[in-house]
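Participant: The following block contains a protein sequence and its predicted model.
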Amino acid sequence: MRFGVVRFPGSCDEVDALEACRRVGDAEILWHADPDLGGVDAVVVPGGFSYGDYLRVGAIARFSPVMESVIAFAREGGPVLGICNGFQVLCEAGLLPGALLPNVGLRFLCRQLDIEVVDTDTAFTRACAPAEALSIPAKHQAGRYHAPGDVRVAFRYAHDGNPNGSSNDIAGVANEAGNVVGLMPHPEHAVDELTGSTDGLALLRSAVGLARA
């Protein structure tokens, strides 16, 4: 399994995402200005501040050359994971429904959270158990998910731990086909016992074996 991790100007978590992916397969960086995905089997759009979060979080990154290829890849069934700013980018690109708004209280937050796996039939949750609680850190200022009606919920904040005011405690969603998943917490920061949790590896292991023929 070969993962491609997108790097935008302003990305700050792409190296951690790259190293996390390398714990379950091969991985390489995909440059924002290069539309060639290099035949990767799955794409990770990482966290950070793509293009400085100017205009609106994720709004400029959505139009980068690599994202046109990621959109085509996703529409052909390729697995795509958006983490934090990557989740924002996927919503801006129309690959996931909804929008990410400033946190209630308008403050940046950084804390370890439990998220509940709601849907185990997606490319990045199939190795999880229903209602499994994953301990994963979150760090964001615009993570309040606004759901436009019914959406396919992949993760919810558990134990009344909604830190940002997201609709229905939603921490992550999937597209209708289940091959595109986005979440605000950072699974790439929960892959080593030294950080207190390896629960983030479950998402990446879920995608292993999903390479397209």
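Facilitator: Received the coordinates, thanks.
Participant: hang on, isn't residue 198 packed against residue 190?
Facilitator: Yes. With contact defined as C-beta atoms under 8 Å, residue 198 counts as touching residue 190 (6.5 Å). Yep, even glycine has a C-beta here, placed from its N, CA and C like the rest.
Participant: neighbour-wise, which of the two wins?
Facilitator: Shown here are residue 198 and residue 190; by other C-beta atoms under 10 Å, residue 190 has more neighbours (22 against 16).
Participant: Please compute how far the longest helix along the chain lies from its chain's middle.
Facilitator: The longest helix of the chain (DSSP state H) is helix 65-75. A distance of 15 Å separates the centroid of the chain from that of helix 65-75, by C-alpha atoms, centre = their mean, to the nearest Å.
Participant: Remind me what the following helix or strand past that helix packs against, helices and strands.
Facilitator: Following helix 65-75 in sequence order, the next helix or strand is strand 80-83 (DSSP states H and E). If contacts are counted by 3 or more C-beta pairs under 8 Å, 6 or more residues apart in numbering; DSSP states H and E, strand 80-83 sits against strand 42-45, helix 65-75, helix 85-92, strand 180-183.
Participant: would CSV of the ones you listed with distance to residue 110, mean neighbour count and mean pLDDT be doable?
Facilitator: Converted to CSV, the helices and strands packed on strand 80-83 look like this (distance: least, C-beta to C-beta, whole Å; neighbours: other C-beta atoms under 10 Å; pLDDT from 0 to 100):
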stretch, distance to residue 110, mean neighbour count, mean pLDDT
strand 42-45, 20, 29, 98
helix 65-75, 27, 19, 98
helix 85-92, 14, 28, 96
strand 180-183, 16, 30, 98
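Participant: what's the closest of the ones you listed to residue 54?
Facilitator: When the helices and strands packed on strand 80-83 are compared by C-beta to C-beta, helix 85-92 sits nearest residue 54, at 12.6 Å.
Participant: For the protein, which segments are assigned as strands?
Facilitator: Secondary structure of the chain by DSSP state E: the strands cover 2-7, 26-31, 42-45, 80-83, 99-101, 109-117, 133-140, 144-146, 152-157, 170-174, 180-183.
Participant: Put the alpha carbons of the fourth one into PDB.
Facilitator: It stands for strand 80-83. Output of strand 80-83 as PDB, limited to C-alpha atoms (Å, rounded to 0.1, in the frame of the first residue of the first chain):
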ATOM      1  CA  VAL A  80      -8.800   9.900   0.500                       C
ATOM      2  CA  LEU A  81      -8.400  11.000   4.100                       C
ATOM      3  CA  GLY A  82      -8.600  14.700   5.200                       C
ATOM      4  CA  ILE A  83      -7.200  15.600   8.600                       C
END
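Participant: That one pairs with which strands, parallel or anti?
Facilitator: The strands beside strand 80-83 in its sheet (DSSP bridges) come out as strand 42-45 (parallel), strand 180-183 (parallel).
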